[in-house]
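S.K.: model this:
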Amino acid sequence: MKLFVNSLIALLIFIITSKADSQPITLPQSHDYQVTLRNYMSSLTVKDFEVGLKPLSHDFEYFRSMDDLFRTWILFRQAPPEGPIVDIKGLTVDPEYFTLRSIESSEGIMMGSDGNFPWISPEATVWWSNWNYPGNPYYKNKAIMRRALVFCIVDMLMHDEAHENGDFRRSDYLGATLIWMAYTYDKVKGILPVDVQNAYETGLLKFFERIEEWGPRGNAGDMDQFAHIGMWYTAKSIGDAELIERSKIHSEYILSKHLRPAGYIDHGDGFDPSYNGISLDLLGWAALATGYDFFADALDQMSLLKAHLTLPEPDGQYYGPSHFSTATSMDSPNDLRGLFKRDIGIAMVSDHAKYLIWEGRSGQNTGYKIPTQDEMLSRISLLTRRTNGKLERSNSSPKVWRQKNWTNGIIYAHEYYEKGFYDELSNLNREQSPLRRLPLNQEDDYIHKFPDNQEGVKEHHKDEFLTAKLGDFALIIHTGRLSYWGNEDQQSGFGGGALSAFWTRETGSVILGRTGGFQGPEPDTWENWRQWPTHAISGINKEGEAFSSARYRYPERKYDVNSVNARIVAYGAIGQDFDGGRTTEKARQGTQMYYSRDFDIEENGLTVTSTVSMGEDNISELYEMIPIFLGGKATNIDKANTTLTFWIGDVWIEPHEDIHQNVESIKIERHEGEVYINFASPQEVRLSPKIWEDRYQSDAKVRNIMINLLNPGIRGSEETSVRYTIKAG
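M.R.: Numbering: from 1, shown residues only. Modelled structure (predicted):
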């Protein structure tokens, strides 16, 4: 009998536990607005989310002007290979997934995804219901609106609860999330009951005020730029003039914290040209949507620097320096989010970005023209058919909700197209305007420093870059600060005052500073200091511990610049007593030295003088390092066919890895041209033991020239230096 009773109790416990486990987890209901929104969701059935999939149609009568046609072409031009014009996933997934009974499950709240992006894109989804084009069968489709809105309601309720529990309390996370919540609401507000509008606006306002309260996080400045758009859409959709003014004030505050006068949004207080592409994208969106001048001014600064850091190769590729990059390895011309929608969008705002429509990015140029009427109509026809071929039911299903903070946004160059832009571009073509060309592809010579206006600029933000084009050659010099990120074995950029690039039209970039990016799979470490692809003074002490000027984050610098020549002097220090010991492999090693680098720029070339003052006899190896750029993609490397030869004893010889004495000159042949490095006196020179390869973003390859600064055996407190001139062949 006792056994029977125990078994019965166990069975009852199992039944009760099973029922408890099978109870669905409900959406947060701690606040009245949450209750109202959940009640609204509970009133919706599968039928409310059913989207009858219909093909797009051609309606060429719509194009009454070239502006109408060009604006639509921008939309169709953006589409990825074999993809639809705009993401259709939100239209094609099963309508059942948007019902409350599917969302609230025993597994959790089912509206999530793996990866960094949401399960569906609410902006892209709701966009289809607002695309006022006669060939769009989804215009004003309420089922589509409800799908996007329900996704956003779930996200709103879950984020609010997470924030109140102390999770994800970061303005740089919330900014992107607020974009899709507010943008979607702006498009669907008109179909909602007043009580639902009020409830949803309560949630939006909570997030708006949290971003105000938390302020820009100040770590990854590119992510802080999401807040501009999220806050503006919130204020616009609610329709509150005071809120619009508050969003404007906060945007100016964010830029004051992150926009550097040289022309970039900082990333860890340094310049990451790849991540800066994200900032360009978000500021382009903000500038076109809001019309605020301060966004346009920021884009002007940033686009000018980007243009000056873009170096064309003879084979049509584009590269730039990245050695100073905070976290990644890619350069300015190949930055993140460099999509057509961004480039043409920021070109609407800034004259300095207009070249992007014609050139400046590998594999994405349209030539020195803009599309004709026939070309645009053909593209629209092609993408209409391609999109129609994708309009079928998707088998994608949501997973348990997880916080997301990335969005690809909308094609804002289409949504906020500025009337008359097509005529403006046509006039630039007709006049053969220099605005169509990169600075290096224009006729005029220049010497330009960044920032060019020093008034009111903090000392450590002055004189970060100098770019010059004089006759047959061009160069870039970097003397700016590095990020505070990184540690002994994480190199968050290379600086110290360096030649970033030396370029000729026939050779492309012969000298080019790069980095592996500490976020990549094979970051630069002290172990491979001989291969570091940057212009530096580097070596090892007698204990075998490495050091390098490349890790000095904030060199002193002096600029003397006019229209025909320039002189830059950069000073720095190496050792445990300077910059937290970052310049040494081991922060406590005894190596102590000072260095200076003089860059004299004249019409016949660049003369570099590197000088080192050594305080003690503890140096085993000491080199002036010059990074020779072999190329990026394999085809570029093959086409470049870079070769080095040394002039020794009245003859050119092909160098080997051992040291060469009495080298008077180095010839670098690349593509169809030559560049020479001529020494003021014969030097001992070798090549780095290995070719450096970027295995992260760019596939770039670099081989270092290593000039022996201990020749002829200088020791003790003495000074050693090397002087050389780099010139086009």
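S.K.: list the contacts for Pro193?
M.R.: Tyr40 (Cβ atoms under 8 Å, 6 or more residues apart in numbering). Every C-beta, even on glycine, is put in place using the N, C-alpha and C of the backbone.
S.K.: now it: how far from Asn39?
M.R.: Taking Cβ to Cβ, to the nearest Å as the measure, Pro193 falls 10 Å from Asn39.
S.K.: which parts of the stretch 251-400 of the chain are strands?
M.R.: Here the stretch 251-400 of the chain has its strands, by DSSP state E, counting those that start in this stretch, at 259-260, 264-265, 311-312, 318-319, 399-400.
S.K.: ok, residues contacting the first one?
M.R.: Spelled out, that is strand 259-260. Ile265, Asp266, Phe271, Ala298, Gln301, Met302, His461, Glu464.
S.K.: for the fifth one, give me the pLDDT.
M.R.: pLDDT recorded at Gln301 is 98.
S.K.: I'd say it and Pro261 touch.
M.R.: Yes: with contact defined as Cβ atoms under 8 Å, Gln301 reaches Pro261; the gap is 7.4 Å.
S.K.: in the stretch 1-150 of the chain, which ranges drop under the pLDDT threshold?
M.R.: Scanning the stretch 1-150 of the chain for pLDDT under 70 picks out 1-21.
S.K.: re earlier: how about the contacts of strand 259-260, which pair is most distant?
M.R.: Greatest spacing in these, by Cβ to Cβ: Ala298 and Glu464 (16.2 Å).
S.K.: tell me where the stretch 401-550 of the chain is predicted with low confidence.
M.R.: Residue ranges of the stretch 401-550 of the chain with pLDDT under 70: 487-489.
S.K.: start and end of stretch 23-38, how far apart?
M.R.: Stretch 23-38 has an end-to-end distance of 17 Å (Cα to Cα, to the nearest Å).
S.K.: what about it, distance to the chain center?
M.R.: 38 Å (Cα atoms, centre = their mean, to the nearest Å).
S.K.: may I see the buried residues of it?
M.R.: Burial within stretch 23-38, assessed by neighbour count using 16 or more other Cβ atoms under 10 Å, is assigned to Pro24, Leu27, Pro28, His31, Tyr33, Gln34, Thr36, Leu37, Arg38.
S.K.: do the same with stretch 312-327
M.R.: Residues of stretch 312-327 classed as buried under the neighbour-count rule (16+ other Cβ under 10 Å) are 312-314, 317-327.
S.K.: now it: average pLDDT?
M.R.: 96.
S.K.: try stretch 664-674
M.R.: Computed over stretch 664-674, the average pLDDT equals 98.
S.K.: show me the contact partners of that stretch.
M.R.: With contact meaning Cβ under 8 Å, 6+ apart, stretch 664-674 is reached by 313-315, 504-508, 510, 628, 639-648, 652, 675-679, 682, 685, 705, 728-729.
S.K.: which one of the buried residues of stretch 312-327 is nearest to Tyr484?
M.R.: Nearest member of these to Tyr484, counting by Cβ to Cβ, is Thr326, at 9.4 Å.
S.K.: the closest one contacts Tyr264, correct?
M.R.: No: judged on Cβ under 8 Å, Thr326 makes no contact with Tyr264 at a distance of 10.3 Å.
S.K.: identify the contacts common to the two.
M.R.: Residues touching both Thr326 and Tyr264 by Cβ under 8 Å, 6+ apart: Phe271.
S.K.: can you pull up the most central residue in this protein?
M.R.: The chain has Tyr275 as the residue nearest its centroid, 2.4 Å off, counting by Cα atoms, centre = their mean.
S.K.: does Thr607 lie in a helix or a strand, and which?
M.R.: Element membership for Thr607, per DSSP states H and E: strand 605-614.
S.K.: and Asp195, what does it touch?
M.R.: The contact partners of Asp195, by Cβ under 8 Å, 6+ apart, come to Thr36.
S.K.: and it, which of the three is it?
M.R.: Under DSSP: H, G, I helix; E, B strand; the rest coil, Asp195 falls in the helix class.
S.K.: on that earlier part again, now for the buried residues of stretch 23-38: which two are most distant?
M.R.: Greatest spacing in the buried residues of stretch 23-38, by Cβ to Cβ: Pro24 and Tyr33 (21.3 Å).
S.K.: now do the strands in the stretch 1-150 of the chain.
M.R.: Using DSSP E, counting those that start in this stretch, strands in the stretch 1-150 of the chain cover 104-105, 108-112.
S.K.: so which of those strands gets nearest Thr525?
M.R.: Thr525 lies closest to strand 108-112 among those, at 36.9 Å (Cβ to Cβ).
S.K.: just the angle between the top strand by length along the chain and strand 605-614, please?
M.R.: Selection of the longest strand in the chain by residue count, based on DSSP state E, yields strand 673-687. Calculated by axes from the mean of the first three to the mean of the last three Cα atoms, to 10 degrees, strand 673-687 forms an angle of 20 degrees with strand 605-614.
S.K.: in strand 673-687, which residues are buried?
M.R.: Buried residues in strand 673-687, counted by 16+ other Cβ under 10 Å: Gly673, Glu674, Val675, Tyr676, Ile677, Asn678, Phe679, Gln683, Glu684, Val685, Arg686, Leu687.
S.K.: with just CA atoms, put stretch 666-677 into PDB.
M.R.: In PDB, the C-alpha atoms belonging to stretch 666-677 read as follows (Å, rounded to 0.1, in the frame of the first residue of the first chain):
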ATOM      1  CA  ILE A 666      66.800  50.600 -54.000                       C
ATOM      2  CA  LYS A 667      64.600  50.300 -57.100                       C
ATOM      3  CA  ILE A 668      61.100  49.200 -56.700                       C
ATOM      4  CA  GLU A 669      59.300  48.200 -59.900                       C
ATOM      5  CA  ARG A 670      55.600  47.800 -59.800                       C
ATOM      6  CA  HIS A 671      53.000  47.600 -62.600                       C
ATOM      7  CA  GLU A 672      54.600  49.800 -65.400                       C
ATOM      8  CA  GLY A 673      56.600  52.200 -63.200                       C
ATOM      9  CA  GLU A 674      59.500  52.600 -60.900                       C
ATOM     10  CA  VAL A 675      60.300  54.200 -57.600                       C
ATOM     11  CA  TYR A 676      63.700  54.800 -56.100                       C
ATOM     12  CA  ILE A 677      64.900  55.000 -52.500                       C
END
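S.K.: and for Leu482, the neighbour number?
M.R.: 29 (other Cβ atoms under 10 Å).
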